[in-house]
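Asker: generate a structure from the sequence data that follows.
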Amino acid sequence: MPKRILTGTVVSDKTEKTVVVKVERKVKHPLYGKIIRRSKKYHAHDEQNAYRPGEVVRIEEIRPMSKLKTWRVIDRVVAGKGTAIEADLSETA
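Answerer: Down below sits the predicted model:
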């Protein structure tokens with residue numbers, strides 16, 4: 001059986017070697033047809049404590065490591081808000 005891979009945002013890194021990742025999905029309301037957001041939080045293993053809140057990461061399903069942890073962080077998709085981005089300020093006439 002293949003491992004599931006999800007993409008979500010890190011919301012907490014308070015615990016040692018663990019991050020909490022919020023995964024959002026969009027579903028259609030069964031009666032009204034409006035698209036609504038549903039979210040779920042997963043505890044994922046982070047060996048080096050490398051991920052911070054606000055970063056978008058990919059997680060994969062693994063064997064249970066503890067009561068709550070059954071996911072592991074694979075890699076970073078997008079850096080968090082604290083990263084600097086170089087701006088191109090040259091004017092074009």
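Asker: residue 31: how many residues sit nearby?
Answerer: 6 (other CB atoms under 10 Å). For the C-beta atoms, the positions are set from N, CA and C on the backbone; glycine is no exception.
Asker: next SSE downstream of the helix or strand that contains residue 21?
Answerer: Using DSSP states H and E, residue 21 maps to strand 18-28. Moving toward the C-terminus from strand 18-28, the next helix or strand (DSSP H and E) is strand 35-45.
Asker: list the buried residues of the strand holding residue 21.
Answerer: Neighbour-count burial for strand 18-28 flags 18-21 (criterion: 16 or more other CB atoms under 10 Å).
Asker: then stretch 53-73?
Answerer: 55, 57-59, 69-73.
Asker: next, format those residues as CSV and append distance to residue 46 and pLDDT.
Answerer: Shown next, in CSV, are the buried residues of stretch 53-73 (distance: CB to CB, whole Å; pLDDT from 0 to 100):
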residue, distance to residue 46, pLDDT
55, 11, 95
57, 9, 96
58, 12, 97
59, 10, 96
69, 10, 97
70, 14, 96
71, 10, 97
72, 8, 97
73, 5, 97
